[in-house]
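Colleague: Could you work out the structure for the sequence below:
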Amino acid sequence: ITEGSSCFGGHLIRICCRTRKMKTIRQKPLYIYLCVLFISASTQYVACIPGRFGPKCDGICHCEPSCVCDEGPSGDGTCSCDSTPKPVFNYTVTYVFPKFAISSVDVLNGKSLRHLNFVDTFKTELVADVATINQIRSVRGAHYSFVEPTPFRQGTELQLIHVNTELTRSLEIRIDGTNVREFVDYMSGSTSIPGHPSIAQCYGGHQFGSWSGQLGDGRAISLGEIETSDGHRAEIQLKGSGKTPYSRSGDGRAVLRSSIREYLISEYLHHLGIPTTRALSIVGSSQRIPRDPIEDGNVIMEKTAVVSRTAGSFIRFGNFEIFHFRNEFEMVRKLADHVISHHFYLTGVNKYAEFFREVVLRTAKLVSLWQCYGFAHGVLNTDNMSIIGLSIDFGPYAMLKTFNRSYIPNHSDHDGRYNFGDQPDIAFWNLEKLSLALSSLISESDRRDALESYRSQFRRGYLECMRNRIGIVDSINDSKSDEMDQLLIDDLLDMMERERLDYQSTIRYLGTIDLDSPDEWERWLSGSSDWMRRYVNRVGSRDSNLLMDSKNPSFVLYNGIIQNAIEHAEVGDFDAVDDLFQRCRDPFRNLYEIVDAHGIDLDHWDAIDPIIGCSS
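Modeller: Model (predicted):
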């Protein structure tokens, strides 16, 4: 006799039971439960790994857009739905403009940001994410996701800390009293530019030598690509403007400390002649967020900021890697076609091989300049390597002070993988990973030939730069001369490392020595007489002084100097930031001319470099 039936469970697993009552010999009822387990034939449940939520472990929440998808205790993709209408955000802000922030910014025939000529080839030529909900998830089959910046909390005070007036002029951006508040709204992520939806890129990367899977723009949002009247194109990106689908465990924000560091170093490298992204502005905020600056467990509340930055492209090695490892080879091809069309201008049947060879060349040239001028990047993961050969993503960087090939700028780099001296080898390792990511487009022999050219290209670039720095003007292009000059340079660096000398000032002072005075040689560097004789025989006369002055910066952006400016900025004094920025724009100019012009405080220029980690 059927007494009843019931089912329970989800749409993947369902258990149904029938209840029967039978009589035993002693006439007492006995209830028997007959249960059947049903497992959906279409999808078999497996526990999701962290970050891969959803019932299919695909990172997609299969419910209404208003719902919030939860991984659940077992990664079961539970959707927590809230049908309550979202309130309209009533955003209020106080604007503060330092005296130097918008001085002389006006550009004849310039335009406000929303009236610039947006071309947005990345969005129109590549594949968009079909899901539009801005939640942390796995994004597949897409080069980018549409993401709106997240405004700061209601009542937050925004402060325009600085504007790169040279860059605004070159991009034909007009900022004046009529539109400066609009500029701050766009550059802080408070308001989106009408008609130009912002995006975040999807990419992966090898971090500290291991494949990390999907990474992406976790706190960077691109406002779009613009084209100026002379045909120059630039992408404008906000860093610190809120969460994206790629934020992982992050909050999508950047702190004032790291924003100032990126703003200053990118301008400094640009004026040293090193290819780099550039920063357009810093907008500070009164909102604070928790950070552990040196990852020692000491969490502090830091002020937030948004730094806007520009580049021809922000595409990285990792953009190609993510699709290769997912076997999405058509996505690799589409991305390569886009990059080649707009940044390498190659055609023909061998365009992919020529493209990779050019990436190798640009990377070798870039790293040779880093080594020549003593720039230590700190985090050379493949997702921090620009496909067009730019310095990008400035975290725990440093300009080399005391010469030390093993110098590690990143306190988080416990194994010293990214020490200064190993940067050329790490860049080559990263190129090997890019080569693998392009293997569906380029033959193994063509990839190998391109990689084999890296070391010779690096040596050529490094030797050329160092010859200029130490005043060798009559370079002879033959292997014997190259070997002799390289040995001369290596021996100089060995002396500097042994005596723990300042890298920059030692080379600059070399240009002031009377080459006919052995006593002055000893005052410059004790025990250097033998090296100086070889050097004098090589350089001959002092016709190289002007060259050396133009290649050896009198101002070096040490971390200790930046930290002093940051400490002033954190209490509302941004004069030090402007002082350093002006000096970054002319690093080869006589130091004291700049001091007289801008009143720069030199008291802290020899400050001890702070401990810098990845937290920003």
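Colleague: all helices of the stretch 251-400 of the chain, in order?
Modeller: With DSSP state H, counting those that start in this stretch as the criterion, the stretch 251-400 of the chain has helices at 256-272, 317-325, 329-339, 351-373.
Colleague: gap between the third one and the chain center?
Modeller: Counting by CA atoms, centre = their mean, to the nearest Å, helix 329-339 is centred 21 Å from the centre of its parent chain.
Colleague: and L431, that one's in a helix?
Modeller: Yes. The assignment for L431 is a helix, going by DSSP: H, G, I helix; E, B strand; the rest coil.
Colleague: and the gap between it and T277?
Modeller: For L431, the distance to T277 equals 20 Å [CB to CB, to the nearest Å]. Where C-beta positions appear, they are placed from N, C-alpha and C, glycine not excepted.
Colleague: A142: which of the helices of the stretch 251-400 of the chain is closest?
Modeller: With CB to CB as the criterion, A142 lies closest to helix 329-339 of those, at 8.3 Å.
Colleague: Check which helices and strands that closest one is in contact with.
Modeller: Here helix 329-339 touches helix 121-125, helix 317-325, helix 351-373, going by 3 or more CB pairs under 8 Å, 6 or more residues apart in numbering; DSSP states H and E.
Colleague: mind putting those in CSV, mean pLDDT, distance to D494 and mean neighbour count included?
Modeller: Formatted as CSV, these follow (pLDDT from 0 to 100; distance: least, CB to CB, whole Å; neighbours: other CB atoms under 10 Å):
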stretch, mean pLDDT, distance to D494, mean neighbour count
helix 121-125, 96, 46, 16
helix 317-325, 98, 33, 25
helix 351-373, 98, 15, 22
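Colleague: Including distance to F208, could the ones you listed go into JSON lines?
Modeller: Formatted as JSON lines, the helices and strands packed on helix 329-339 follow (distance: least, CB to CB, whole Å):
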{"stretch": "helix 121-125", "distance to F208": "28"}
{"stretch": "helix 317-325", "distance to F208": "14"}
{"stretch": "helix 351-373", "distance to F208": "18"}
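Colleague: closest to D230 out of those helices?
Modeller: Among these, helix 121-125 sits nearest to D230 (CB to CB), with 17.5 Å.
Colleague: Just the CA atoms of that closest one, as PDB, please.
Modeller: The C-alpha trace of helix 121-125 is given here as PDB (Å, rounded to 0.1, in the frame of the first residue of the first chain):
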ATOM      1  CA  THR A 121      39.900  49.300 -32.100                       C
ATOM      2  CA  PHE A 122      40.500  46.900 -29.200                       C
ATOM      3  CA  LYS A 123      36.800  46.700 -28.500                       C
ATOM      4  CA  THR A 124      35.600  46.600 -32.100                       C
ATOM      5  CA  GLU A 125      38.100  44.000 -33.400                       C
END
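Colleague: Make TSV from the helices of the stretch 251-400 of the chain and add distance to I566 to it.
Modeller: Formatted as TSV, the helices of the stretch 251-400 of the chain follow (distance: least, CB to CB, whole Å):
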stretch	distance to I566
helix 256-272	5
helix 317-325	29
helix 329-339	35
helix 351-373	22
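Colleague: just so I know, which of these lies nearest S210?
Modeller: Nearest to S210 among the helices of the stretch 251-400 of the chain is helix 317-325 (12.4 Å), distances taken as CB to CB.
Colleague: After the helix or strand that Y462 is a member of, which helix or strand is next?
Modeller: Secondary structure from DSSP states H and E places Y462 in helix 454-470. For helix 454-470, the succeeding helix or strand toward the C-terminus, using DSSP H and E, is helix 479-499.
Colleague: contact partners of the helix holding Y462?
Modeller: Applying CB atoms under 8 Å, 6 or more residues apart in numbering, the contact partners of helix 454-470 are 360-361, 363-365, 367-369, 371-373, 424, 427-428, 431, 473, 475, 482, 485-486, 488-489, 492, 507, 510, 535, 539, 547-548, 551-552.
Colleague: what number of residues lie near R500?
Modeller: 9 (other CB atoms under 10 Å).
Colleague: S529 now?
Modeller: Counted with other CB under 10 Å, S529 comes out at 11.
Colleague: Can you get me a residue count around the closest residue in space to it that isn't next to it in sequence?
Modeller: Excluding the flanking residues, the one nearest S529 by CB to CB, 6 or more residues apart in numbering is W521, at 5.8 Å. By other CB under 10 Å, the residues close to W521 number 23.
Colleague: Would you check how far apart W521 and S528 are?
Modeller: From W521 to S528 the distance is 6 Å (CB to CB).
Colleague: One more: E182?
Modeller: For E182 relative to S528 (CB to CB), the value is 59 Å.
Colleague: ok, Y503 - contacts?
Modeller: Y503 neighbours (CB under 8 Å, 6+ apart): G374, L400, K401, T402, F403, M496.
Colleague: Which phi and psi values does the fourth one adopt?
Modeller: The phi and psi torsions at T402 (degrees, to the nearest 10) take the values phi -70, psi 130.
Colleague: re the thing from before, now, which of the contacts of Y503 sits nearest I562?
Modeller: Nearest to I562 among the contacts of Y503, with distances taken as CB to CB, is K401, at 12.6 Å.
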